[in-house]
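[1] Below are the sequence and a predicted model; questions follow.
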Amino acid sequence: MISLTEKAISEVKRIISDQQLGLDEINLRLGVSGGGCSGFSYLMTFDKEVKEDDETASYDGLQVLMSSGASPYIGNVVLDFNDDVNKRGFVFNNPDADDTCGCGNSFSI
């Protein structure tokens, strides 16, 4: 299952609060889709529904979901949040990626 850093957890919780979604009513869904300049792209959405084949984990009260089909591609990813002035956003650190694109949102295995 994907791991989240404290910075990533804090930022997701801030977004949930800002959007008034309710931490106990919404889950963070992480996944992968075909496409992007290197072959696959990371997905990150909010979802109220837990599906039968979802892998689940809880990080400091934040429920995280991932389809079991995504696990071979992103199961070892560490999701971080970069809050530098010049580069702000979520960062997917994938030790299994053979290649990544310049933007960091696309990878190949």
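    Received the coordinates, thanks.
[2] Helix or strand with the lowest mean pLDDT in the chain?
    For the chain, counting by mean pLDDT, DSSP states H and E, strand 106-108 ranks last in confidence among helices and strands (a mean of 48).
[3] show me the contacts for the residue nearest the centre of the chain.
    Centre of the chain computed as the mean C-alpha position; nearest residue by CA atoms, centre = their mean is L30, 4.1 Å away. By CB atoms under 8 Å, 6 or more residues apart in numbering, the contact set of L30 is I2, Y42, L43, M44, V64, L65, M66, A70, I74, V77, L79. No exception for glycine: its C-beta is placed from N, CA and C like everyone else's.
[4] is it true that the second one touches V32?
    When you say that, I think you mean Y42. Yes: applying CB atoms under 8 Å, one finds Y42 in contact with V32, separated by 6.2 Å.
[5] Mind listing the shared neighbours of these two?
    I74.
[6] The helix or strand where L28 lies: how far from the chain's middle?
    L28 belongs to strand 27-34 when assigned by DSSP states H and E. Computed by CA atoms, centre = their mean, to the nearest Å, the chain-centroid distance of strand 27-34 equals 6 Å.
[7] For stretch 71-80, give the mean pLDDT please.
    For stretch 71-80, the mean per-residue pLDDT is 89.
[8] For that stretch, measure first residue to last.
    Stretch 71-80 has an end-to-end distance of 18 Å (criterion: CA to CA, to the nearest Å).
[9] gap between stretch 65-73 and the chain center?
    Put simply, stretch 65-73 sits 11 Å off its chain's centre (CA atoms, centre = their mean).
[10] So which bits of it are buried?
    L65, M66, S67, A70, Y73 (16 or more other CB atoms under 10 Å).
[11] now these as TSV including distance to F92 and secondary structure?
    Output for those, formatted as TSV (distance: CB to CB, whole Å; DSSP: H, G, I helix; E, B strand; the rest coil):
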residue	distance to F92	secondary structure
L65	16	strand
M66	12	strand
S67	16	strand
A70	12	coil
Y73	11	helix
